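Participant: sequence first, then the predicted structure, then my questions.
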Amino acid sequence: MSWVFWSMLLTLAERCLAGATVVHAVLHRREVKATLGWVGLIWFTPLFGTVVYYAFGINRLERRGCRWQRKLEKVLVEVRRRIPAGPREILQSLQKQHPKFRQMDELVTRLTASPLLAGNQVESLVTGEAAFSAMLEAIEQARHTIALQSYIFDNDRAGQLFIEALERAQQRGVQIRILIDDVGSRYSRPTSVSILRSRGIPCETFLPTYNPASTLYSNLRNHRKLLIVDGEVAFTGGMNIREGLRADWKPKHPIQDLHFKFVGPVVLQLQEVFSVDWCFVTNEILTGDSWFPTPQAVGRVLCRAIPDGPDEDFEKLKLTILGALQLAERQVYIITPYFLPDEAIMAALNVAALRGVRICILIPEVNNILPVQWACQSLLPELIERGCEVFLTPAPFDHTKLFLVDGDWSLVGSTNWDPRSLRLNFELNVECYGSELNAELSEFARVKLSSATPLLLQDLQRRSFLTRLRDGVARLGSPYL
């Protein structure tokens, strides 16, 4: 009798917990299909669905309003006053060089509450050799401060070069702050984090998964890649720190990627993004001229940093993408390793193609995450039928992230076109207006296009029934990939 009683009591408790979890999903999740999927999982898989939801289904992290945030905001207000270019100069420049993008400037200004900044110099670094050499040279020349943030910082040949350079910089008296995502830090053993700490270099991990307080946010990762030296030069893009990016080392798993070097006022915005993340993790507020020197105009590129994440920056990148697609008139290049856009972005791509805009989507021929490739194959026919062009890039695996519109506007940084990047991860991108830079990036895209294989509708239609079924089932899980 007692066994029956306790069994019924536990069942009732589990159903109550499941009901409360369903209520949370209905109130806090925005996408109808994903919400229905979670509700079904929670209700029809007792306890398992509830545990999975609390581990992976809670996508929002509240950071605004915390005590450290209020203190940091006071510092950042003073920092923003140092920005040299005013709105009038930016508007005049846009009117002259990129008149149709005035609306884009207004959109992103409202999204980010940050101005578009003139006077930047941007250099594209198209190989790991070029990017790592430039980054290591900047570290060796550092005089005051180094801020380094990465999703992956492997303890391999590449990681060891950075560790040694950072140690030399610290011995010269340079202040160093390093922030690595907790999940990304464990891609190699022993971890670079443990080595950096053993050498006395300040290094922290973002949302440690072993911390009970962070359990509800274990699915929210920091995917940003940043190196800022002396508050004057910055590097960001898609590159992690790992030897696979160095083709000259002939690595076992080679990777192609794209990174960028920035000099000018936009570095101030990039440093601000790092300082917010660092303060969130450590409660330390970075301030003073060594971290935030007064920026100088050094080039002709207009830039703005666009942070995105499951907090107050939620869906800024998605809305930026939608705005840019609406303004496209001639040509759009999308290069991404993971392509699983939601219905809104799918519709925007189809509408742009139907308007006569050439939409070129470049994805890897063989993806390193098979379920993503299967789900992607399921959604591509809808795009191709509407006039979008899809191209498969050959090995080595292409991790490049680039979005170009009409050769006038580009979005570079860490974001993939998938639900994880656009809804779950903390990401960082930079929008760029500059004729020379965007002409260079357009040529880069055309070169990739010339070596890629067009994916035709009949190729997808020739897939066997079981293959199409597998891909369709994988697509059902795309909100969770």
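Facilitator: Sure, I can see it. From a predicted model like this one, the values you see are computed outputs, not experimental measurements. Numbering: from 1, shown residues only.

Participant: return the helix or strand in the chain with minimum mean pLDDT.
Facilitator: Each helix and strand of the chain was given a mean pLDDT (mean pLDDT, DSSP states H and E); the minimum falls on helix 67-80 at a mean of 66.

Participant: host element of Ala305?
Facilitator: Using DSSP states H and E, Ala305 falls within strand 301-308.

Participant: mean confidence score for that strand?
Facilitator: Per-residue confidence for strand 301-308 averages out to 95 on the pLDDT scale.

Participant: tell me the angle the helix or strand just after that strand makes with strand 301-308.
Facilitator: Beyond strand 301-308 in the direction of the C-terminus, DSSP H and E gives the next helix or strand as helix 316-327. Helix 316-327 runs at 130 degrees relative to strand 301-308, counting by axes from the mean of the first three to the mean of the last three CA atoms, to 10 degrees.

Participant: show me what helix 316-327 is packed against.
Facilitator: Applying 3 or more CB pairs under 8 Å, 6 or more residues apart in numbering; DSSP states H and E, one finds that helix 316-327 makes contact with helix 102-112, strand 301-308, helix 343-354, strand 402-405, strand 409-413, strand 427-433. Any C-beta I mention is one placed from the backbone N, CA and C, and that applies to glycine too.

Participant: which SSE is immediately downstream of it?
Facilitator: With elements assigned by DSSP H and E, the helix or strand that comes after helix 316-327 is strand 331-335.

Participant: so what touches that next one?
Facilitator: Contacts with strand 331-335, where a contact means CB atoms under 8 Å, 6 or more residues apart in numbering, come from 325, 352, 357-362, 393, 398, 400-407, 417, 442, 445, 448-449.

Participant: in the longest helix along the chain, what's buried?
Facilitator: In the chain, ranked by residue count with DSSP state H as the criterion, the top helix is helix 2-28. Of the residues in helix 2-28, those buried under the neighbour-count criterion (16 or more other CB atoms under 10 Å) are 17-18, 21-22, 24-25.

Participant: same check, this time on stretch 275-292
Facilitator: For stretch 275-292, burial by neighbour count (16+ other CB under 10 Å) applies to 275-281, 285-287, 291-292.

Participant: rewinding a little: buried subset of the contacts of strand 331-335 as a PyMOL selection?
Facilitator: Remark: buried members of these, expressed as a PyMOL selection using 16+ other CB under 10 Å:
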select buried, resi 325+352+357+359+360+361+362+393+398+400+401+402+403+404+405+406+407+417+442+445+448+449
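
Participant: tell me which of the helices and strands packed on helix 316-327 sits nearest to Val266.
Facilitator: Closest to Val266 of the helices and strands packed on helix 316-327, according to CB to CB: strand 301-308, at 3.9 Å.

Participant: how is this protein divided into domains?
Facilitator: 2-56, 67-100+114-306, 316-480 (automatic domain parsing).

Participant: could you dump the ones you listed into CSV and include distance to Val108?
Facilitator: CSV is the format used below for these (distance: least, CB to CB, whole Å):
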stretch, distance to Val108
domain 2-56, 21
domain 67-100+114-306, 6
domain 316-480, 6
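
Participant: out of those domains, which gets the lowest mean score?
Facilitator: The lowest average pLDDT among the domains of the chain, as it happens, falls on domain 2-56, at a mean of 72.

Participant: distance from that domain to the middle of the chain?
Facilitator: Centroid displacement of domain 2-56 relative to its chain, using CA atoms, centre = their mean, to the nearest Å, is 31 Å.

Participant: got it, and stretch 234-243?
Facilitator: Averaging C-alpha positions (CA atoms, centre = their mean) puts stretch 234-243 12 Å from its chain's average.

Participant: end to end, how far does that stretch reach?
Facilitator: When the termini of stretch 234-243 are compared using CA to CA, to the nearest Å, they are 21 Å apart.

Participant: for stretch 193-207, same thing?
Facilitator: The separation between the terminal residues of stretch 193-207, taken as CA to CA, is 14 Å.

Participant: would you mark the buried spots in that stretch?
Facilitator: 193, 195-196, 201, 203-207.

Participant: restricted to helices, list those.
Facilitator: Helix and strand membership here follows DSSP H; of these, those in helices are 193, 195-196.

Participant: out of those, which comes closest to Ile255?
Facilitator: Val193 (21.4 Å).

Participant: so that closest one makes contact with Ile201?
Facilitator: No - proximity of Val193 to Ile201 does not meet the contact threshold set by CB atoms under 8 Å, at 9.8 Å.

Participant: quick one: common contacting residues for these two?
Facilitator: Where contact means CB under 8 Å, 6+ apart, no residue is in contact with each of Val193 and Ile201.

Participant: now for the helix or strand hosting Ile359, which elements pack on it?
Facilitator: Assigned by DSSP H and E, Ile359 belongs to strand 358-364. Based on contacts counted as 3+ CB pairs under 8 Å, 6+ apart, the elements that strand 358-364 packs against are strand 331-335, helix 343-354, helix 370-385, strand 389-393, strand 397-398, helix 435-451.

Participant: mind running it again at 6 Å?
Facilitator: When contacts are defined as 3 or more CB pairs under 6 Å, 6 or more residues apart in numbering; DSSP states H and E, strand 358-364 packs onto strand 331-335, helix 343-354, strand 389-393.

Participant: TSV for these, including distance to Val229?
Facilitator: TSV is the format used below for the helices and strands packed on strand 358-364 (distance: least, CB to CB, whole Å):
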stretch	distance to Val229
strand 331-335	27
helix 343-354	35
strand 389-393	32
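
Participant: out of those, which gets nearest to Ile255?
Facilitator: Taking CB to CB, strand 389-393 is the member of these nearest to Ile255, at 12.2 Å.

Participant: now that closest one: buried residues?
Facilitator: 389-393.

Participant: between the helices and strands packed on helix 316-327, which gets nearest to Arg462?
Facilitator: Across those, the minimum distance to Arg462, taken as CB to CB, is reached by helix 343-354, at 22.6 Å.

Participant: need the contact partners of the closest one.
Facilitator: Taking contacts as CB atoms under 6 Å, 6 or more residues apart in numbering, the residues outside helix 343-354 that touch it are 322, 325, 328, 359, 386-388.

Participant: between that helix and helix 316-327, how big is the angle?
Facilitator: In this structure, helix 343-354 runs at an angle of 20 degrees to helix 316-327, with the same axes, to 10 degrees as the basis.

Participant: how far does helix 343-354 sit from its chain's centre?
Facilitator: Using CA atoms, centre = their mean, the mean C-alpha position of helix 343-354 is found 21 Å from that of the whole chain.

Participant: please export the C-alpha coordinates of that helix as CSV.
Facilitator: Once non-C-alpha atoms are left out, helix 343-354 reads as follows in CSV (Å, rounded to 0.1, in the frame of the first residue of the first chain):
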residue,chain,number,x,y,z
GLU,A,343,11.0,31.3,-41.3
ALA,A,344,11.4,35.0,-41.2
ILE,A,345,14.8,35.0,-42.7
MET,A,346,13.8,32.3,-45.2
ALA,A,347,10.9,34.6,-46.3
ALA,A,348,13.2,37.6,-46.6
LEU,A,349,15.6,35.6,-48.8
ASN,A,350,12.8,34.4,-51.0
VAL,A,351,11.3,37.8,-51.4
ALA,A,352,14.6,39.4,-52.3
ALA,A,353,15.2,36.7,-54.9
LEU,A,354,11.8,37.2,-56.3
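
Participant: if anything else comes up later, I'll come back, but that's it for now.
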